Structures are given as C-alpha cells and as structure tokens.
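>>> build me a model from this:
(one chain, ligands or ions: 1)
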Amino acid sequence: MRILILSDIHGNLEALQAILLGLEYQQVAVLGDLVGYGANPNEVIDLVRQLNPIAIVRGNHDKVAAGISEGLDFNATALEAIRWTQNRLTESNRDYLHDLPVGPMVFNDSITIAHGSPMDEEEYIFQEWIALRSFQYFQTPICFYGHSHVPMVIGSCGGSDLQVHLPKESEICRLPQENNLRYLINPGSVGQPRDNDPRACAAILDTDAEEIRYVRAAYDVSAAQERIRSAGLPDYLADRLALGR
Ligand code: ZN
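Numbers count the residues shown, from 1 in each chain. Down below sits the predicted model:
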C-alpha cells in the first residue's frame, strides 16, 4: 500500500494542489498545521477533508486557530497570521480543526503520526537528544513527525545510536526493519518548506516495499505570495516562500 504523508500545509492552496498532481497513493495521512501563514485556510481544509485522511493529527497552528490555546508562544508574525485565519475560518472548518485528534496517534501496526515530537506536539526534533528520547515515546517501527518543516529520516537501533539522513528530491529511502531498526521520519512541509528549496514537499510510504519516496513539486509561488500580500498578511510570509525557509 502507498500512503501519502502530508505535513505543514499552512494555508498554501497552490502548494497542496501541486503536490497532489499525478501522484499514485491509496491512503493519506496528515501531520497537522493545515492553516497559519498562508492565505487560503478554508480552501486547504476543504481539500484535506475531500482527501478523507485515514489518519490526521492537529498541529500547533490548528490548535490556536480553533481557539483551543492562545498562541502565547507564537512570534508576532505567526500570531498576526493566526488571528487573520481565525477571523476567516468558516464555522464548519473551525469545528473541524477543533476536533482534530491530538498526536501521537497510532494508526496501524507499524505507523505512528505526530505533529512535533511524540512527547509533545509543540516540540521540535532538531537536537540529537530529543530524537533519542523520542524513540522511547512510540512503539511502532515508524513514527512520522512534522513541525520543523525539514525532510529527514532518522534511524535508530534499539533507541541508541542515531543515523540521520537528509533526503534529496525523488530519493527513495529503504526502511528495513531488521535488527530492531526503527524510524522517525519527517516528510517535509507542503506549504512552507524550510530546507532552502521552495518547492512543495511530501513523502509516500510504500508499506510493501518498505521504502519511502520523497516528492517535490514546483508550484506557482508568486500566486501564493500575491494572495498573502493582498490579504494584508505580513510581507515576510510571502518573501520566505520564494526562499524555501
Ligand atoms: Zn508548521
């Protein structure tokens, strides 16, 4: 089975539409942050709902947009964008975000999904010690996570030594599960990549072949930027899309 893993779409409709084009998959899983930063929160939520994900968890921006928390830890730009988003969400889409499950979520024998680390939906997995500790907080062979917007495959044997890999475009990473190997995998960000590549990013897990393929899709960045600017959102949110950071 091929499962498309989407994370951190952030209200970027053009990027989401581009990544879905021409891909073959049977199921979709979403790691949260459907909204925040981008100018099309309702359209993105509508499209995600149409995809009918087999598994989805909320992200920290979804949580604030839905009014579950205040976003006191957000920087001024993120806060301005999330207030803008709150004022535009339809009631139905606000309810949808409000009711999204909190990760980590186990959705079959081999896969867990989370927004941030499996300990805390708002924790970034950047440092080695956080990655090491994360392996203690899920039981399945694979845990997908997002939040950092950086595609990454971290392997670990018995939760000790780490093998960190930064995948390239279209790279297929083998995920053998022998020798107690387990994986923390970030599929990258659909709507606001931060690995210096502005193209939308996602990953497809092939459960039969035990491999994951990274996909990048060029999209109309200037259209997404124009929507951000004409919405009156901070210019910085438009500028960064072109830089991929
Ligand atoms: Zn995010």
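
>>> what parts of the chain come near the ion?
Selection of the chain residues close to the ion by CB under 5 Å from the ion yields 8, 33. For every residue, glycine as well, the C-beta is placed using N, CA and C.

>>> can you give me the helices for the chain?
13-20, 41-51, 60-65, 76-86, 91-98, 128-134, 221-230, 235-243 (DSSP state H).

>>> number of residues surrounding Asp62?
26 (other CB atoms under 10 Å).

>>> now do the contacts for it.
Listed by CB atoms under 8 Å, 6 or more residues apart in numbering, the contact set of Asp62 reads 32-36, 97, 100.

>>> of all these, which two lie farthest apart?
Gly36 and Leu100 (13.4 Å; CB to CB).

>>> quick one: which of those two has more around it?
Per other CB under 10 Å, whichever of Gly36 and Leu100 has more neighbours is Gly36, with 28 against 19.

>>> now do the contacts for the residue nearest to that one when sequence neighbours are not counted.
Take Gly36 and drop its neighbours on the chain: the residue closest to it by CB to CB, 6 or more residues apart in numbering is His61, 3.1 Å away. Shown in contact with His61 (CB under 8 Å, 6+ apart): 10, 32-37, 78, 82, 85.

>>> which of the residues you listed lies closest to the ion?
Proximity of these to the ion (CB to the ion) peaks at Asp33, which lies at 3.7 Å.

>>> how near is the residue nearest to Gly36 to Glu24?
Plainly put, His61 is 29 Å away from Glu24 if you go by CB to CB, to the nearest Å.

>>> do the same with Asp62
28 Å.

>>> point out where this protein drops to low pLDDT.
Counting by pLDDT under 70, the chain contains low-confidence ranges at 159.

>>> if you set the cut-off to 90 instead, what comes out?
Residue ranges of the chain with pLDDT under 90: 22, 107-109, 128, 157-161, 168-171, 176-180, 209.

>>> name the nearest residue to the residue of the chain positioned farthest from its centre, sequence neighbours excluded.
In the chain, the greatest distance from the average C-alpha position (CA atoms, centre = their mean) is reached by Asn179, at 28.5 Å. Excluding the flanking residues, the one nearest Asn179 by CB to CB, 6+ apart is Cys157, at 5.7 Å.

>>> ok, the one you found to Met105 distance?
Counting by CB to CB - Cys157 and Met105 are separated by 25 Å.

>>> the two: who's more crowded?
Met105 (17 against 14).

>>> from memory that one sits against Val57, does it?
Yes - with contact defined as CB atoms under 8 Å, Met105 reaches Val57; the gap is 5.3 Å.

>>> what ranges do the strands span in the protein?
Per DSSP state E, the chain carries strands over the ranges 2-6, 27-30, 55-56, 105-106, 111-113, 142-144, 152-157, 162-165, 172-174, 181-186, 200-206, 211-217.

>>> among the ones you listed, which comes closest to Val48?
strand 27-30 (6.0 Å).

>>> might you report the residue contacts of the closest residue in space to Arg2 that isn't next to it in sequence?
Of all residues not flanking Arg2 in the chain, Tyr25 sits nearest, at 4.4 Å (CB to CB, 6+ apart). Applying CB under 8 Å, 6+ apart to Tyr25 gives the contacts 2-4, 204.

>>> any idea how far the ion is from Tyr25?
22 Å (CB to the ion, to the nearest Å).

>>> tell me the phi and psi of that residue?
Backbone torsions of Tyr25, given as degrees, to the nearest 10, read phi -160, psi 160.

>>> start the count at 31 instead of 1 going forward.
Done: numbering now begins at 31, and the last item shifts to Tyr55.

>>> how close does it sit to Ala233?
Distance, Tyr55 to Ala233, using CB to CB: 10 Å.

>>> and Ser260, what does it touch?
The contact partners of Ser260, by CB under 8 Å, 6+ apart, come to Ala69.

>>> that's all I had, so thanks and see you.
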